[in-house]
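Trainee: Predicted model, plus sequence, below.
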Amino acid sequence: MSISTPGHAHDHAFDHPTGMQRWLFATNHKDIGSLYLFFSLTMLFSGGVLALMIRTELFQPGLQFFQPEFFNQLTTMHGIMMVFGAIMPAFVGFANWMIPLQIGAPDMAFARMNNFSFWLLPPAALLLACSFFVPGGAAAGGWTMYAPLSTQMGAGMDMAIFALHLMGASSIMGSINIIVTILNMRAPGMTLMKMPMFCWTWLITAYLLIAVMPVLAGAITMTLTDRHFGTSFFNAAGGGDPVMFQHIFWFFGHPEVYIMILPGFGIISQILPAFARKPLFGYASMVYATASIAILSFIVWAHHMFTTGMPVTSQLFFMYATMLIAVPTGVKVFNWIATMWKGSMTFETPMLFAIGFIFVFTMGGFTGLILAVTPIDIQLQDTYYVVAHFHYVLVAGSLFALFAGFYYWSSKWTGHMYNEFRGKMHFWNSLIWFNVTFFPMHFLGLAGMPRRYADYPAQFTDWNMVVSIGAFGFGLSQAYFLFFIVIPTIRGGTKAPAKPWDGAEGLEWTVPSPAPFHTFETPPTVK
């Protein structure tokens, strides 16, 4: 787009910006999508390094490498980087790339706001990374930043709060853009109920983001004023209530976990029909199930708080409401299985990740259902069982869906096909090492090992060793993904055909064309 104003020489540099300008002033949805994806990849590996530091410390009992304070900083920053820096921006990158292409729009609705919403993220990431080097170190209250811990920490906590404000503003702008694009810029004839599932899941996710991001902003702003301006929102001595922080935080936090999985549902709902070579089973019910999950996610927040001393009536309500979410989620899982049922399936890497997703995500869902039972949760609260549960949902859920989407769409993004053998290597390594890492955590949690501790009794040693070895295996699998799949695919490789998945594994999938009209038998005339 060229901009000329009266009295100014026409500036040709912005007609086709090159080099740094192309990325700095990007208004093209594809470039911005790529920026989001590069950013989230960087944060994935940054957060991953912190996770491996945690697992290095926990390889044996006793304090090996890090003091407990620094260990807690690692857990906090790992969580914040992965949730707000890796998973969410990656899905926004997918949205930027794919939504305009899927609905036939020329670009996103607000191109410059799109640029701004991305460029808020790098300074936020910098704030998080630098918080390790300020007096007192990074925030150490867990990614949930519970008061009263978060009201008493050093400058690292302030940096985390400002970083989250920036990331929240970025999410809100991205969501407004997605909603307006989907509602106003669809091609003629594309009604809402004809949209690809990925567009539907993102439309619903964007509404969720706009609803809950200001709630998080409120919680961390109250924390900030408690820290520096003498307020007592969460200080019991001044008439406040530390448990109120948890209520406000989880009113944001529970819809947030669905924000991180719904776009993944959309990706899976598009990959399965492609490789089963039949339409998605129950399209309308999938749309309604996604909307139901989003609505129900607002009334279950206190299942994170069963041990805070809430009345039994409230515990029962939140227990049943949580179990209710299993219904639309089950609808989705059964529809995916029905989509594959009797299909002409082939198992390229996107399909493997999609099936792997269903398997491990369902396990994560079941452990969530177990934790929804109040008396069980009171026993398992803050143990490694909870850590296992949410990693099954977020790593094997969100991350596997992102991998599936990358393999499925990367040929469209780069013009090159990834190496199929390497893709399958990545899948099997990820699946196996993921389970080696997180499945034993269920055993540790059931045996009573608490989370966020830098040390533990000797009885937990064996499983912790297994978990740490698995973590390094999983980490190396993702390094393999970066260096042997992502970079080679971007730089070159086999040129992608126009329809990369049409003749997958030699199976030509063509709809038989109808016979010429004159060969049909003429209907017998009635005499």
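Mentor: The structure has been received and is ready for your questions. Numbering: from 1, shown residues only.
Trainee: Could you check which helix or strand contains residue 251?
Mentor: Taking DSSP states H and E as the definition, one finds residue 251 inside helix 242-259.
Trainee: what sits up against that helix?
Mentor: Here helix 242-259 makes contact (C-beta atoms under 8 Å, 6 or more residues apart in numbering) with 83, 88, 144-148, 150, 205, 208-209, 211-213, 215-216, 218-219, 222-223, 233-236, 293-294, 297-298, 300-305, 308-309, 390, 393-394. Backbone N, C-alpha and C define where each C-beta goes, glycine included.
Trainee: now for the next helix-or-strand element following that helix, which elements pack on it?
Mentor: Once the chain leaves helix 242-259, the next helix or strand it forms, by DSSP H and E, is helix 262-276. For helix 262-276, the packing partners by 3 or more C-beta pairs under 8 Å, 6 or more residues apart in numbering; DSSP states H and E come out as helix 88-103, helix 197-228, helix 283-296, helix 312-340, helix 349-372, helix 400-414.
Trainee: how about the shortest one: buried residues?
Mentor: Right, the one you point to is helix 283-296. 283, 285, 286, 287, 289, 290, 291, 292, 293, 294, 296 (16 or more other C-beta atoms under 10 Å).
Trainee: any residues touching it, and which ones?
Mentor: For helix 283-296, contacts defined as C-beta under 8 Å, 6+ apart pick out 193, 197, 200-201, 204-205, 207-208, 255, 258, 262, 265-266, 269, 280, 321, 324-325, 327-329, 331-332, 335.
Trainee: Quick one: work out the angle between it and helix 242-259.
Mentor: Here helix 283-296 runs at an angle of 170 degrees relative to helix 242-259 (axes from the mean of the first three to the mean of the last three C-alpha atoms, to 10 degrees).
Trainee: So what's the gap between helix 283-296 and the chain middle?
Mentor: 18 Å (C-alpha atoms, centre = their mean, to the nearest Å).
Trainee: give me the low-pLDDT residue ranges for the stretch 1-150 of the chain?
Mentor: Regions of the stretch 1-150 of the chain meeting the criterion pLDDT under 70 cover residues 1-15.
Trainee: make that the chain, sorry
Mentor: 1-15, 503-527.
Trainee: Against residue 198, how distant is residue 146?
Mentor: Going from residue 146 to residue 198 by C-beta to C-beta, to the nearest Å gives 35 Å.
Trainee: Of the two, give the one with the bigger neighbour count.
Mentor: residue 198 (25 against 16; other C-beta atoms under 10 Å).
Trainee: Contact partners for the nearest residue to that one once chain neighbours are set aside?
Mentor: Spatial nearest neighbour of residue 198, chain neighbours left out: residue 266 (3.7 Å); criterion: C-beta to C-beta, 6 or more residues apart in numbering. Contact analysis of residue 266 by C-beta under 8 Å, 6+ apart lists 196, 197, 198, 199, 200, 201, 202, 290.
Trainee: can you pick the most crowded of those?
Mentor: residue 202 (30 neighbours).
Trainee: Which of the contacts of helix 283-296 are buried? Put it as a ChimeraX command.
Mentor: Selecting only the buried entries of the contacts of helix 283-296 in ChimeraX, with 16+ other C-beta under 10 Å as the criterion:
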select :197,200,201,204,205,207,208,255,258,262,265,266,269,280,321,325,328,329,331,332,335
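Trainee: before we move on, back to that, ok, of the contacts of helix 242-259, which come out buried?
Mentor: Buried, going by 16+ other C-beta under 10 Å: 83, 88, 144-148, 150, 205, 208-209, 211-213, 215-216, 219, 222-223, 233-235, 293-294, 297, 300-305, 390, 393-394, out of those.
Trainee: For residue 429, give me its contacts.
Mentor: With C-beta under 8 Å, 6+ apart, residue 429 has these contacts: 473, 474, 476, 477, 480.
Trainee: of these, closest to residue 382?
Mentor: Closest approach to residue 382 among those (C-beta to C-beta): residue 474, at 23.5 Å.
Trainee: Quick check: nearest residue in space to the closest one, chain neighbours excluded?
Mentor: Sequence neighbours aside, residue 433 is the residue nearest to residue 474 in space, at 3.9 Å (criterion: C-beta to C-beta, 6+ apart).
Trainee: on that earlier part again, is it possible to get JSON lines of the helices and strands packed on helix 262-276 that adds distance to residue 451?
Mentor: Shown next, in JSON lines, are those (distance: least, C-beta to C-beta, whole Å):
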{"stretch": "helix 88-103", "distance to residue 451": "23"}
{"stretch": "helix 197-228", "distance to residue 451": "21"}
{"stretch": "helix 283-296", "distance to residue 451": "26"}
{"stretch": "helix 312-340", "distance to residue 451": "20"}
{"stretch": "helix 349-372", "distance to residue 451": "13"}
{"stretch": "helix 400-414", "distance to residue 451": "23"}
